[in-house]
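**Q** using only what follows, build the 3D model:
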Amino acid sequence: MKTLVKSMWSGCLAASCLGSMLTQTPAIAALRDVRDYPSPAAAIAAAADGDRIYFPSPGPYVAPPGGWRISKSLELFGDGPGDGTIAGASSIVPDASGNAFVLDSTVTLVNIALHDLLVVGAAGAKGRRAPVRLTQSDLGTHTLSGLRIERVEFVAVAGDAILLDGGARNAIMQVSITDCEINSAGGNGVTLRNTPVTSLRGGYIHDCRGFGLYGEAALGVRLFGVAFEHNQLEGRSNDQDSQLRLKLCHGFTVIGGHFEEFSSVSRPARTAITIENCRGGQLSSNVFMKNAARISGSRGILIHGASQDIDVGSNSYWRVDTLVAIRSGDGTQRCSVRHQNSLDGAGDSPTVATGTGSAVDFVRSGLSGDLAATSLLTPPGEGLYRVTVVLTTLSPGPGRMNVKLEWSDGAPRSAEVIAGFDLSAPGGSADGSCTAFLVDGRPLTLRTRGAGSAARYTLRVHIECL
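**A** Numbering: from 1, shown residues only. Predicted coordinates:
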């Protein structure tokens, strides 16, 4: 009975507390129009956590020296970037040093939003500070969790447009950058260091002197449908200075991106994506293209620097010299490359440089008739490779098919890895393998004979550098 009475009393007390909480008047976020204050800085100073700071169109709103320091959970927004000019948008002009929205590293911040604004560099300003930035101390105790930047356009900024550095403690997390445009930056479009669980969705980053995006130790960074064009304009290294460079960004994802004009005869930097010392990651469904003539040395993807377990799914290329390169001899291993598609008629197989332990996977499904000589791999130097071919019937038909590999180690070589496979057997399968010594610039190719035209089949080829 005592237990029952105690339970009933506890329940009544809990209900009473809940009722009290429900009858309390919740705090209402205030909408603060910066025109109602002496300055935007005054509006921000008067705000409480959760308030909304409104920069109505048209601007410009010129940031004070040092920028606006954001020390609370605020939503800062305008009417949109308009036509990209100061007069036609909720426009923000950074100070002479480049500061606009400076997130306070001396307090813990949560849930900050910036959206529907235009940030335009001041004419003649040479300060290299990023208009939106936060740098956390390696020894600090404060964090930022939950930063959203949406539909913000940056034009002609002198340094990076967005710079976030979480320091040694990864003190910046859960950042999302959505549908933003960065048009002409004197530095990188976006710099992310020590910012786990960061995502970019949509958007267009172009005409940056440095990287379109540089990520370092941004664990689990995800890019979905981001377009990069005409970046790395001051790039001096074809290995390091790319449109998108990810270093120590373990578990990354790059899907559905667009990479254009990343190569030029006027500069040595001609690579779209560089993956360096990353452990686990995926690149797939991206498009790489050059509008004018193909540039010698242009490269879609470079994987190097002791990277491991990187999965390169199917991507499409137009006028790109080397589609995927995996650097040998630097500890890079267990990387796989699925079939790549060249859209300009130069062949629809990957040109791939592989290192020890790296693998290339070639998959063609729904084939009928014979497959003409198709390049599987072009090595950057001498190497011994194990090649395994698996043939599977999808729809039976008359014919006995042979699968032949051809290469050169200074003299023509070939191996018929599958011979006389009966295509009339439903669900039939056969496999064969060989070892090939390949030399620099001499491709490994595959062809089939005797397939007929009625049967449909799938070919899978796995190539591993021994």
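**Q** chain center to the strand or helix carrying residue 114: distance?
**A** For residue 114, the host element (DSSP states H and E) is strand 109-120. Centroid displacement of strand 109-120 relative to its chain, using CA atoms, centre = their mean, to the nearest Å, is 21 Å.
**Q** what does stretch 91-98 give?
**A** That offset, for stretch 91-98, works out to 28 Å (CA atoms, centre = their mean).
**Q** so where's the chain shaky on pLDDT?
**A** 1-27, 328-329, 345-359, 380-381 (pLDDT under 70).
**Q** relative to residue 113, how far out is residue 372?
**A** Look at residue 372 and residue 113: by CB to CB, to the nearest Å, they are 55 Å apart. For the C-beta atoms, the positions are set from N, CA and C on the backbone; glycine is no exception.
**Q** in its sheet, what does the strand holding residue 114 sit against?
**A** strand 75-78 (parallel), strand 91-93 (parallel), strand 144-157 (parallel) (DSSP bridges).
**Q** and whatever helix or strand comes next after the second one, how far out from the chain middle?
**A** Just to be clear, that refers to strand 91-93. The C-terminal neighbour of strand 91-93 among helices and strands, as given by DSSP H and E, is strand 101-103. Put simply, strand 101-103 sits 25 Å off its chain's centre (CA atoms, centre = their mean).
**Q** partner strands of strand 101-103, with direction?
**A** For strand 101-103, pairing defined by DSSP bridges yields strand 68-70 (parallel), strand 132-135 (parallel).
**Q** using JSON lines, lay out those strands together with distance to residue 395 and mean neighbour count.
**A** Output for the strands paired with strand 101-103, formatted as JSON lines (distance: least, CB to CB, whole Å; neighbours: other CB atoms under 10 Å):
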{"stretch": "strand 68-70", "distance to residue 395": "62", "mean neighbour count": "21"}
{"stretch": "strand 132-135", "distance to residue 395": "56", "mean neighbour count": "23"}
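**Q** now those strands as TSV including distance to residue 444?
**A** As requested, the strands paired with strand 101-103 are exported to TSV (distance: least, CB to CB, whole Å):
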stretch	distance to residue 444
strand 68-70	56
strand 132-135	48
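**Q** ok, back up a step: more neighbours: which of residue 372 and residue 113?
**A** Taking other CB atoms under 10 Å, residue 372 and residue 113 do not tie; residue 113 has more neighbours (17 against 9).
**Q** and that one, how close does it get to residue 175?
**A** Distance from residue 113 to residue 175, by CB to CB: 11 Å.
**Q** which neighbours do these two have in common?
**A** 147-149 (CB atoms under 8 Å, 6 or more residues apart in numbering).
**Q** now do the helices in the stretch 201-350 of the chain.
**A** For the stretch 201-350 of the chain, no helices are identified by DSSP state H, counting those that start in this stretch.
**Q** on that earlier part again, which positions within the strand holding residue 114 qualify as buried?
**A** By 16 or more other CB atoms under 10 Å, the buried positions in strand 109-120 come out as 109, 111-120.
**Q** could I get the residues you listed as a markdown table with distance to residue 103?
**A** Shown next, in a markdown table, are the buried residues of strand 109-120 (distance: CB to CB, whole Å):
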| residue | distance to residue 103 |
| --- | --- |
| 109 | 6 |
| 111 | 12 |
| 112 | 7 |
| 113 | 12 |
| 114 | 10 |
| 115 | 15 |
| 116 | 18 |
| 117 | 15 |
| 118 | 19 |
| 119 | 15 |
| 120 | 20 |
